[in-house]
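Chemist: Build me a model:
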Amino acid sequence: MGRITLRQASLDRFPTDPRRAAVLGELHARPFPLIELPRALVVLAFMNEDHGESDLAILAEMSVRRGVPPPAKDARTHSFAFGKGKLRWERHTEFCTYSWEGPPPEHFGDPVEGHPFGAEFQAPGPFIAGVHLELRPNDAAGQAALESFDKSSYCHSIMESGLAHAATDFRQDGDGMTRMLVLDDGLPPQRAGALAMRLVEVEIYRTLALLGLPLAHSVGPMVASLESRLMSITEEMKGGNEDSRQLLQEITLAAAEVEASAASVLYRFGASRAYDEIVSERLASVGEQPIAGQESWSAFLKRRMGPAMRTCRAIEERQANLSEKLSRAANLLRTRIDVELEHQNRDLLASMDRRARLQLRLQQTVEGLSVAAIGYYVVGLFGYVAKALEYQGLPVSATVLVAGFVPIALLGVWLVVRSIRKHHMQGGEDGH
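Modeler: Numbers count the residues shown, from 1 in each chain. Now for the predicted structure:
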């Protein structure tokens with residue numbers, strides 16, 4: 001019996017998870033371009049403020065004008081020829097990039113011609129980063145181009161295990177672009193494309209990572225004010241003479257402000273951490289080797305970005321610690337209020353008990369007086385009966401009859417009152 005190959009037993013007959021295509025396609029979503037040297041790259045990054053709708057509309061219009069089908073609504077990459085080069089678009093979580101690859105100018109740093117980012121180009125959102133990168137041979141002209149960088153922030157490293165040199169000063173030229181120069185020492189096209197895009201991503205992601213710093217500076221005074229409020233509240237708590245409910249209300253308001261402040265920076269600080277990690281990963285992937293006497297890319301970015309990232313982390317930690325301390329203070333105040341309420345309930349119960357005893361005594365007094373008063377009236381009524389009997393010839397005087405009836409009347413009235421009280425007490429117990 002012959003073997004059955006996978007082609008013969010098609011896998012199409014199996015039910016497929018709807019997420020499979022997206023997961024498999026993610027590995028090939030953003031392939032590196034193949035770059036033949038010499039070459040120039042102009043890359044612009046824009047923030048997406050309308051969920052990419054303007055971005056897709058602009059890209060679709062550019063594609064149609066070039067005779068290229070527009071991208072699908074869920075597309076993440078799109079490319080087509082533009083002039084003597086190629087335009088490549090990529091969509092990211094909160095930004096998009098337009099990369100044009102084409103012939104370089106005669107001299108490094110001169111304006112690049114033939115790219116699509118002229119007066120007719122409409123920005124899809126706020127401009128956040130731009131890179132002008134050139135790949136040239138490592139010859140005398142290339143070495144001379146290194147002198148055009150600002151020496152106060154000059155970075156120069158060996159990349160790709162000695163196959164290239166990369167330099168920049170992370171400063172913007174007259175067009176607002178960060179200039180980068182890669183000198184080739186034998187890079188194959190696929191590695192040239194990978195190196196160029198990773199260096200471009202270093203600039204874009206380090207800019208995005210630093211977006212958290214202005215937010216940290218704006219939130220810092222608010223956090224300091226809330227910390228001062230917490231200190232004053234705890235000092236009042238130590239005094240013991242404060243209004244616990246008023247302090248609890250103040251703590252609740254302060255805690256609400258802390259949570260609102262933390263929520264306002266949660267996404268931006270988280271994104272800054274993620275972008276900072278991407279910058280480190282990109283630098284680690286290019287095989288960077290420092291040059292004696294020159295500052296490397298990694299050292300420069302670590303020295304300049306490290307304090308900013310620590311500032312963002314410090315604000316996050318202060319917010320978290322402040323929230324925890326406010327929560328503990330609120331719990332202490334709630335415990336104090338509960339104890340106060342227990343004492344008040346104890347005093348109230350004791351007062352109610354005293355009032356109940358007084359009421360019982362008053363009730364007993366009233367019952368005694370009631371028995372005497374009712375007995376007096378009953379004896380008075382019996383006096384009329386006794387006089388009538390004496391008048392009819394009863395041999396016992398009316399006075400003797402009334403005197404003998406007094407204890408009987410009092411006992412009878414007392415028994416009736418007692419029966420009524422007992423009936424009411426049983427009715428109250430049944431009601432409970």
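Chemist: what bits of the stretch 301-432 of the chain have low per-residue confidence?
Modeler: 364, 367-368, 424-425, 427-432 (pLDDT under 70).
Chemist: got the residue ranges for the helices in it?
Modeler: In the stretch 301-432 of the chain, the helices defined using DSSP state H, counting those that start in this stretch lie at 398-431.
Chemist: Just the strands from it, written as ranges.
Modeler: For the stretch 301-432 of the chain, applying DSSP state E, counting those that start in this stretch gives no strands.
Chemist: What is the strand ranked longest in the chain packed up against?
Modeler: The longest strand of the chain (DSSP state E) is strand 127-137. Contact analysis of strand 127-137 by 3 or more C-beta pairs under 8 Å, 6 or more residues apart in numbering; DSSP states H and E lists strand 39-47, strand 178-184, helix 189-209 as its packing neighbours. Quick note: C-beta positions are derived from backbone N, CA and C, even for glycine.
Chemist: Format the CA atom coordinates belonging to the next helix-or-strand element following it as CSV.
Modeler: Going down the chain from strand 127-137, the next helix or strand is helix 140-145, by DSSP states H and E. Extracted C-alpha coordinates of helix 140-145, given in CSV (Å, rounded to 0.1, in the frame of the first residue of the first chain):
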residue,chain,number,x,y,z
ALA,A,140,37.2,58.6,1.4
ALA,A,141,34.0,60.4,0.5
GLY,A,142,32.1,58.5,3.1
GLN,A,143,34.7,59.1,5.8
ALA,A,144,34.6,62.8,4.9
ALA,A,145,30.8,62.8,5.4
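Chemist: and the angle from the helix or strand following helix 140-145 to helix 189-209?
Modeler: Counting by DSSP H and E, the next helix or strand C-terminal to helix 140-145 is strand 155-159. Put simply, strand 155-159 runs at 140 degrees to helix 189-209, going by axes from the mean of the first three to the mean of the last three C-alpha atoms, to 10 degrees.
Chemist: quick one on the thing from earlier: now the helices and strands packed on strand 127-137 in a markdown table, please, with extra columns for distance to residue 375.
Modeler: Shown next, in a markdown table, are the helices and strands packed on strand 127-137 (distance: least, C-beta to C-beta, whole Å):
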| stretch | distance to residue 375 |
| --- | --- |
| strand 39-47 | 100 |
| strand 178-184 | 113 |
| helix 189-209 | 100 |
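Chemist: Redo the ones you listed as JSON lines? Include mean pLDDT, mean neighbour count and distance to residue 160.
Modeler: Listed next are the helices and strands packed on strand 127-137 as JSON lines, based on pLDDT from 0 to 100; neighbours: other C-beta atoms under 10 Å; distance: least, C-beta to C-beta, whole Å:
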{"stretch": "strand 39-47", "mean pLDDT": "95", "mean neighbour count": "23", "distance to residue 160": "16"}
{"stretch": "strand 178-184", "mean pLDDT": "96", "mean neighbour count": "24", "distance to residue 160": "9"}
{"stretch": "helix 189-209", "mean pLDDT": "95", "mean neighbour count": "22", "distance to residue 160": "6"}
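Chemist: May I have the residues that are in contact with residue 272?
Modeler: With contact set as C-beta atoms under 8 Å, 6 or more residues apart in numbering, residue 272 has these partners: 208, 209, 210, 211, 212, 213, 309, 312.
Chemist: neighbours of the closest residue to it other than its chain neighbours, just the number please.
Modeler: Excluding the flanking residues, the one nearest residue 272 by C-beta to C-beta, 6 or more residues apart in numbering is residue 212, at 3.4 Å. Close neighbours of residue 212, defined as other C-beta atoms under 10 Å, add up to 26.
Chemist: so when I look at residue 12, I'm seeing a strand, right?
Modeler: No. Counting by DSSP: H, G, I helix; E, B strand; the rest coil, residue 12 is not part of a strand but helix.
Chemist: check contacts around it.
Modeler: By C-beta under 8 Å, 6+ apart, no residues touch residue 12.
Chemist: Assign residue 100 to helix, strand or coil.
Modeler: What three-state DSSP gives for residue 100 is strand.
Chemist: Could you count how many residues lie near it?
Modeler: 20.
Chemist: Grab the nearest non-local neighbour of it.
Modeler: residue 115 (4.3 Å).
Chemist: I figured that neighbour was touching residue 104, is that so?
Modeler: No. Counting by C-beta atoms under 8 Å, residue 115 stays clear of residue 104, with 11.4 Å between them.
Chemist: Remind me which helix or strand residue 175 belongs to.
Modeler: For residue 175, there is no host helix or strand (DSSP H and E).
Chemist: how near is it to residue 97?
Modeler: Going from residue 175 to residue 97 by C-beta to C-beta, to the nearest Å gives 17 Å.
Chemist: Show me which of the two is the more surrounded one.
Modeler: It is residue 97, of residue 175 and residue 97, that has more neighbours when counted by other C-beta under 10 Å, with 23 against 12.
Chemist: pLDDT at that one, what is it?
Modeler: Per-residue confidence (pLDDT) for residue 97: 95.
Chemist: Which strand residues bridge it?
Modeler: In this entry, residue 97 is beta-bridged to residue 45, residue 90, by DSSP bridges.
Chemist: That one: what's it in contact with?
Modeler: 43, 44, 45, 46, 89, 90, 204.
Chemist: Mind doing that once more with 10 Å?
Modeler: The contact partners of residue 97, taken as C-beta atoms under 10 Å, 6 or more residues apart in numbering, are 30, 43-46, 77, 88-91, 128-131, 197, 200-201, 204.
Chemist: Kindly report the same for residue 162.
Modeler: 185, 186, 287, 289.
Chemist: Name the member of these with the most neighbours.
Modeler: Counting neighbours by other C-beta under 10 Å, residue 287 leads these with 16 neighbours.
Chemist: where does it land in three-state SS?
Modeler: Residue 287 falls in the coil class when you classify it by three-state DSSP.
Chemist: Wait, it touches residue 187, no?
Modeler: No. Residue 287 is not in contact with residue 187 according to C-beta atoms under 10 Å; the separation is 11.5 Å.
Chemist: what touches both of these two?
Modeler: Contacts common to residue 287 and residue 187, judged by C-beta under 10 Å, 6+ apart, are 159, 160, 163, 164, 195.
Chemist: So the fourth one sits against residue 156, correct?
Modeler: Looking back up the chat, that one is residue 164. No. Using C-beta under 10 Å, residue 164 makes no contact with residue 156, being 11.5 Å away.
Chemist: isn't residue 318 right up against residue 230?
Modeler: No. Contact criterion C-beta under 10 Å: residue 318 and residue 230 do not qualify, at 11.2 Å.
Chemist: which residues do those two both contact?
Modeler: Common neighbours of residue 318 and residue 230, using C-beta under 10 Å, 6+ apart, are residue 258.
Chemist: how does the chain divide up, domain by domain?
Modeler: Here the domain parsing of the chain from automatic domain parsing is 30-202, 212-346, 361-426.
Chemist: That'll do, ta.
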